[in-house]
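everything below, folded, please.
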Amino acid sequence: MEDIVDIGGGAFSGKDATKVDRSASYMARFIAKNIVANGYCDKCEVQLSYAIGVANPVAIYIETFGTSKIDEEVILKKIYDNFDLSPAGIINFLDLKKPIYRQTTNYGHFGKEYLSWEKKIIF
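Modelled structure (predicted):
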């Protein structure tokens, strides 16, 4: 599987989990990995778009690159029904207040199975 993570908002360095570009990137990664792990598609990209002063994403977009095994609207509904995508909801769900960020300084933020956003769940 090819692991590519597109992020917005610049580098994560120096940003804590309250910065939505960092926490939402982790959450988008988590959701995309689990959409694939749950067998809904073979490849997935999740985009979460936020606006200043708005707690929840103003848009959620998924791209399955033609590999979806169920309707993409069903996948979107599963995302909306199962996850609190506000910054506080993401911080709580991924337990981002723990001192885990030193582990991301070498070899990147993704692909390390011991980090909370790399875990697999059924939803």
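
quick one: buried residues of the lengthiest helix in the chain?
Selection of the longest helix in the chain by residue count, based on DSSP state H, yields helix 20-37. Neighbour counts over helix 20-37 (16 or more other C-beta atoms under 10 Å) mark 20, 22-36 as buried. In short, each C-beta sits where N, CA and C put it, glycine included.

what's the pLDDT at the residue most central in space within the chain?
Compute the mean C-alpha point of the chain, and by C-alpha atoms, centre = their mean the closest residue is residue 28, 1.8 Å away. Looking at residue 28, its pLDDT stands at 93.

that one contacts residue 44, doesn't it?
No. Using C-beta atoms under 8 Å, residue 28 is not in contact with residue 44, being 9.9 Å away.

related to what we said a few turns ago, and the contacts of the very next helix or strand once past the longest helix of the chain?
Toward the C-terminal end, the helix or strand that comes next after helix 20-37 (DSSP states H and E) is strand 45-49. Identification of contacts with strand 45-49 by C-beta atoms under 8 Å, 6 or more residues apart in numbering yields 6, 24, 27-29, 31-32, 35, 57-63, 65, 79, 85.

give the rounded mean pLDDT of strand 45-49.
93.

chain neighbours aside, what residue packs nearest to residue 50?
Taking C-beta to C-beta, 6 or more residues apart in numbering, and ignoring the residues beside it in sequence, residue 50 has residue 20 as its nearest neighbour in space, at 5.0 Å.

quick one: the helices in this structure, in order.
So, for the chain - with DSSP H - the helices run 20-37, 72-82, 87-94.

just send those helices back as CSV, with distance to residue 51 too.
Conversion of the helices of the chain to CSV gives the following (distance: least, C-beta to C-beta, whole Å):
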stretch, distance to residue 51
helix 20-37, 10
helix 72-82, 17
helix 87-94, 12
